[in-house]
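Using only what follows, build the 3D model:
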Amino acid sequence: MPRKLSLVKFEPSPTPVSFHRKYPFRRGVAYIFLGEISNMPGHCVVVNRKTGKIYSGYHTENFVELEENEL
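This next block holds a predicted model:
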């Protein structure tokens, strides 16, 4: 699980390929990981770093912290 307030990217690999286009997340976009939803384990809240749009209820496993070279 990413650290709270870390920059993350969406990594859909654990989900079936047919679902990838249904997500509102795009490659190359950085999101701020706000954390896991306490009463909804395995789901999180992220914010688009540029637009400020908030996304909630998505699987935590689909987000990974950005590497140094991706910042």
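
Just give the nearest non-adjacent residue to the residue nearest the centre of the chain, would you?
Among the residues of the chain, the one closest to the centroid is Phe63, at 3.9 Å (C-alpha atoms, centre = their mean). Take Phe63 and drop its neighbours on the chain: the residue closest to it by C-beta to C-beta, 6 or more residues apart in numbering is Val8, 4.3 Å away. For every residue, glycine as well, the C-beta is placed using N, CA and C.

bridging residues for that neighbour?
For Val8, the beta-bridge partners are Tyr31, Glu65 (DSSP bridges).

Thought Leu34 was touching it, still the case?
No: if you go by C-beta atoms under 8 Å, Val8 and Leu34 don't touch, sitting 10.1 Å apart.

Enumerate every residue touching the residue nearest to the centre of the chain.
Pro2, Val8, Lys9, Phe10, Glu11, Tyr31, Phe33, Cys44, Val46 (C-beta atoms under 8 Å, 6 or more residues apart in numbering).

before we move on, back to that, more neighbours, Val8 and Leu34?
For Val8 versus Leu34, the count of surrounding residues by other C-beta atoms under 10 Å is larger for Val8: 21 against 17.

how much space between the more buried one and Ser18?
Between Val8 and Ser18 the computed distance is 23 Å (C-beta to C-beta, to the nearest Å).

Equivalent analysis for Thr51, please.
According to C-beta to C-beta, Thr51 and Ser18 sit 27 Å apart.

What ranges in this protein fall below the confidence cut-off?
Across the chain, nothing is flagged by pLDDT under 70.

try 80 this time
Across the chain, residues meeting the criterion (pLDDT under 80) sit at 13-15, 19-20.

Going along the chain, name the strands of it.
With DSSP state E, the ranges of strands along the chain come out as 6-10, 31-36, 43-48, 54-59, 63-65.

would you turn these into TSV with distance to Phe25?
Listed next are those as TSV, based on distance: least, C-beta to C-beta, whole Å:
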stretch	distance to Phe25
strand 6-10	4
strand 31-36	7
strand 43-48	8
strand 54-59	8
strand 63-65	9
